[in-house]
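Novice: Predicted model, plus sequence, below.
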Amino acid sequence: MITALLVAFAVYALAGQQIVENVKAWYANAKMPTIDGKHVAVVALVVAAAISFMPARSSVPTPVPVPPDAFSLRGKFVGPTAAEDASTMSALCGELADCIEYDGQHDQRLKTGVAFDDLRIAAREMRCKGESIGARQPQVRDAVHKFLDDAVGSSGGPVTPESRAAWVSALRDLSRAAADVTR
(Lines give C-alpha, C1' and ligand atoms only; values in the text may rest on other atoms or scores of the structure.)
Protein backbone atom coordinates (compact mmCIF):
# COMPACT_ATOMS: atom_id res chain seq x y z
CA MET A 1 0.00 0.00 0.00
CA ILE A 2 2.72 2.44 0.94
CA THR A 3 4.60 1.56 -2.26
CA ALA A 4 1.54 2.41 -4.36
CA LEU A 5 1.20 5.74 -2.57
CA LEU A 6 4.85 6.57 -3.13
CA VAL A 7 4.60 5.69 -6.84
CA ALA A 8 1.43 7.78 -7.20
CA PHE A 9 3.12 10.72 -5.50
CA ALA A 10 6.17 10.40 -7.78
CA VAL A 11 3.95 10.30 -10.90
CA TYR A 12 2.05 13.35 -9.71
CA ALA A 13 5.29 15.20 -8.93
CA LEU A 14 6.65 14.50 -12.41
CA ALA A 15 3.54 14.85 -14.60
CA GLY A 16 0.72 15.99 -12.34
CA GLN A 17 -0.06 19.23 -14.17
CA GLN A 18 -0.19 17.50 -17.56
CA ILE A 19 -2.44 14.76 -16.22
CA VAL A 20 -4.84 17.30 -14.71
CA GLU A 21 -5.00 19.25 -18.00
CA ASN A 22 -5.66 16.06 -20.01
CA VAL A 23 -8.44 14.99 -17.63
CA LYS A 24 -10.06 18.45 -17.85
CA ALA A 25 -9.87 18.37 -21.67
CA TRP A 26 -11.37 14.88 -21.84
CA TYR A 27 -14.17 15.82 -19.44
CA ALA A 28 -15.01 18.96 -21.44
CA ASN A 29 -15.30 16.96 -24.70
CA ALA A 30 -16.83 13.79 -23.29
CA LYS A 31 -20.39 12.98 -24.18
CA MET A 32 -22.31 11.93 -21.10
CA PRO A 33 -24.50 8.85 -21.52
CA THR A 34 -28.18 9.12 -20.83
CA ILE A 35 -29.41 6.83 -18.11
CA ASP A 36 -33.03 5.76 -18.05
CA GLY A 37 -35.05 3.46 -15.81
CA LYS A 38 -34.10 0.37 -17.82
CA HIS A 39 -30.40 0.94 -17.09
CA VAL A 40 -31.04 1.44 -13.38
CA ALA A 41 -33.10 -1.77 -13.26
CA VAL A 42 -30.35 -3.77 -14.99
CA VAL A 43 -27.67 -2.45 -12.59
CA ALA A 44 -29.91 -3.24 -9.59
CA LEU A 45 -30.46 -6.80 -10.85
CA VAL A 46 -26.72 -7.33 -11.43
CA VAL A 47 -25.93 -6.05 -7.93
CA ALA A 48 -28.65 -8.26 -6.41
CA ALA A 49 -27.30 -11.30 -8.30
CA ALA A 50 -23.75 -10.57 -7.11
CA ILE A 51 -24.92 -10.23 -3.50
CA SER A 52 -26.90 -13.48 -3.67
CA PHE A 53 -23.81 -15.39 -4.83
CA MET A 54 -21.56 -13.99 -2.11
CA PRO A 55 -20.69 -16.51 0.61
CA ALA A 56 -22.76 -16.07 3.74
CA ARG A 57 -20.88 -14.67 6.72
CA SER A 58 -21.75 -16.08 10.06
CA SER A 59 -21.77 -13.81 13.09
CA VAL A 60 -20.79 -16.82 15.18
CA PRO A 61 -17.02 -17.28 15.21
CA THR A 62 -15.69 -20.63 14.10
CA PRO A 63 -14.66 -22.53 17.20
CA VAL A 64 -11.00 -23.37 17.54
CA PRO A 65 -10.55 -27.13 17.62
CA VAL A 66 -9.65 -28.36 21.09
CA PRO A 67 -7.26 -31.29 21.33
CA PRO A 68 -8.97 -34.41 22.72
CA ASP A 69 -6.58 -34.58 25.68
CA ALA A 70 -7.05 -30.90 26.63
CA PHE A 71 -8.11 -29.97 30.17
CA SER A 72 -11.89 -29.77 30.44
CA LEU A 73 -14.33 -28.45 33.01
CA ARG A 74 -17.46 -29.77 31.29
CA GLY A 75 -19.96 -31.14 33.78
CA LYS A 76 -18.17 -29.61 36.75
CA PHE A 77 -20.04 -26.28 36.88
CA VAL A 78 -23.45 -26.99 38.41
CA GLY A 79 -26.38 -25.06 39.81
CA PRO A 80 -28.17 -21.84 38.93
CA THR A 81 -24.95 -19.78 38.74
CA ALA A 82 -23.00 -22.31 36.64
CA ALA A 83 -22.93 -20.34 33.37
CA GLU A 84 -22.16 -17.05 35.12
CA ASP A 85 -19.43 -18.68 37.21
CA ALA A 86 -17.85 -20.28 34.13
CA SER A 87 -17.94 -17.00 32.23
CA THR A 88 -16.42 -15.09 35.15
CA MET A 89 -13.71 -17.69 35.64
CA SER A 90 -12.87 -17.66 31.92
CA ALA A 91 -12.51 -13.87 31.87
CA LEU A 92 -10.56 -13.78 35.12
CA CYS A 93 -8.06 -16.48 34.07
CA GLY A 94 -7.59 -14.88 30.67
CA GLU A 95 -6.85 -11.50 32.23
CA LEU A 96 -4.47 -13.02 34.77
CA ALA A 97 -2.57 -14.78 31.96
CA ASP A 98 -2.31 -11.47 30.08
CA CYS A 99 -1.10 -9.63 33.21
CA ILE A 100 1.56 -12.23 34.05
CA GLU A 101 2.74 -12.34 30.45
CA TYR A 102 2.89 -8.52 30.24
CA ASP A 103 4.76 -8.32 33.53
CA GLY A 104 7.34 -10.78 32.21
CA GLN A 105 7.98 -8.54 29.20
CA HIS A 106 8.29 -5.33 31.21
CA ASP A 107 8.97 -4.48 34.89
CA GLN A 108 8.73 -8.03 36.27
CA ARG A 109 7.13 -6.97 39.52
CA LEU A 110 5.76 -10.49 39.92
CA LYS A 111 8.89 -12.44 40.78
CA THR A 112 7.62 -15.40 42.80
CA GLY A 113 4.90 -18.01 42.75
CA VAL A 114 3.53 -16.36 45.89
CA ALA A 115 3.19 -13.07 43.96
CA PHE A 116 1.22 -14.88 41.24
CA ASP A 117 -1.06 -16.39 43.86
CA ASP A 118 -1.52 -13.03 45.60
CA LEU A 119 -2.43 -11.45 42.23
CA ARG A 120 -4.94 -14.25 41.57
CA ILE A 121 -6.53 -13.88 45.01
CA ALA A 122 -6.73 -10.08 44.80
CA ALA A 123 -8.20 -10.19 41.29
CA ARG A 124 -10.78 -12.79 42.31
CA GLU A 125 -11.78 -10.87 45.43
CA MET A 126 -12.16 -7.63 43.50
CA ARG A 127 -13.89 -9.14 40.47
CA CYS A 128 -16.21 -11.38 42.50
CA LYS A 129 -16.65 -8.86 45.32
CA GLY A 130 -15.49 -11.32 47.94
CA GLU A 131 -17.59 -14.27 46.76
CA SER A 132 -15.79 -17.49 45.96
CA ILE A 133 -16.59 -19.40 42.79
CA GLY A 134 -14.74 -22.33 44.38
CA ALA A 135 -17.16 -22.34 47.32
CA ARG A 136 -20.13 -22.49 44.92
CA GLN A 137 -18.42 -24.87 42.51
CA PRO A 138 -16.42 -27.39 44.58
CA GLN A 139 -15.92 -29.78 41.64
CA VAL A 140 -14.36 -26.95 39.63
CA ARG A 141 -12.21 -25.89 42.59
CA ASP A 142 -10.82 -29.39 43.03
CA ALA A 143 -10.20 -29.90 39.30
CA VAL A 144 -8.47 -26.52 38.97
CA HIS A 145 -6.34 -27.16 42.06
CA LYS A 146 -5.13 -30.50 40.66
CA PHE A 147 -4.60 -29.02 37.19
CA LEU A 148 -2.51 -26.11 38.52
CA ASP A 149 -0.46 -28.40 40.76
CA ASP A 150 0.27 -30.64 37.76
CA ALA A 151 0.91 -27.76 35.34
CA VAL A 152 2.90 -25.29 37.46
CA GLY A 153 3.62 -27.04 40.74
CA SER A 154 3.15 -25.62 44.19
CA SER A 155 6.40 -23.74 44.68
CA GLY A 156 6.03 -20.20 45.90
CA GLY A 157 9.65 -19.44 45.12
CA PRO A 158 11.36 -17.43 42.40
CA VAL A 159 9.87 -17.50 38.92
CA THR A 160 11.97 -18.40 35.90
CA PRO A 161 11.00 -17.48 32.33
CA GLU A 162 9.96 -21.12 31.86
CA SER A 163 7.77 -21.21 34.96
CA ARG A 164 6.21 -17.86 33.98
CA ALA A 165 5.39 -19.31 30.56
CA ALA A 166 3.90 -22.39 32.27
CA TRP A 167 1.67 -20.16 34.42
CA VAL A 168 0.51 -18.16 31.38
CA SER A 169 -0.22 -21.36 29.45
CA ALA A 170 -2.05 -22.95 32.39
CA LEU A 171 -4.20 -19.88 32.99
CA ARG A 172 -5.08 -19.69 29.29
CA ASP A 173 -6.02 -23.38 29.37
CA LEU A 174 -8.27 -22.69 32.37
CA SER A 175 -9.80 -19.72 30.57
CA ARG A 176 -10.50 -21.84 27.48
CA ALA A 177 -11.87 -24.73 29.52
CA ALA A 178 -14.26 -22.45 31.43
CA ALA A 179 -15.34 -20.71 28.20
CA ASP A 180 -16.02 -24.10 26.57
CA VAL A 181 -18.58 -24.81 29.30
CA THR A 182 -20.68 -21.82 28.22
CA ARG A 183 -20.84 -22.85 24.55
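Specialist: In hand now; what should we look at?

Novice: average pLDDT for stretch 11-25?
Specialist: Averaging pLDDT along stretch 11-25 yields 78.

Novice: meant to ask about stretch 125-143, not that
Specialist: Here the average pLDDT along stretch 125-143 is 87.

Novice: Which strands and helices lie in contact with the helix ranked longest in the chain?
Specialist: Assignment by DSSP state H gives helix 2-29 as the longest helix of the chain. The contact analysis (3 or more C-beta pairs under 8 Å, 6 or more residues apart in numbering; DSSP states H and E) places helix 2-29 against no helix or strand. (Glycine included, C-beta is placed from N, CA and C.)

Novice: Report the distance from that helix to the chain centre.
Specialist: Relative to its chain's centre, helix 2-29 lies at 42 Å (C-alpha atoms, centre = their mean, to the nearest Å).

Novice: Check stretch 26-39 too.
Specialist: Relative to the chain's own centre, stretch 26-39 is displaced by 49 Å; criterion: C-alpha atoms, centre = their mean.

Novice: Just the terminal-to-terminal distance for it.
Specialist: With C-alpha to C-alpha, to the nearest Å as the measure, stretch 26-39 spans 24 Å from end to end.

Novice: Stretch 149-159 now?
Specialist: Across stretch 149-159, first to last residue, C-alpha to C-alpha, it's 15 Å.

Novice: next one: it to chain centre, how far?
Specialist: With C-alpha atoms, centre = their mean as the basis, stretch 149-159 stands 28 Å off its chain's centre.

Novice: Tell me the buried residues in it?
Specialist: Residues of stretch 149-159 classed as buried: 152, 159 (neighbour count, 16 or more other C-beta atoms under 10 Å).

Novice: Just the residues contacting that stretch, thanks.
Specialist: 110-117, 163, 166-167, 169-170, 173 (C-beta atoms under 8 Å, 6 or more residues apart in numbering).

Novice: who wins for most neighbours among the residues you listed?
Specialist: residue 167 (24 neighbours; other C-beta atoms under 10 Å).
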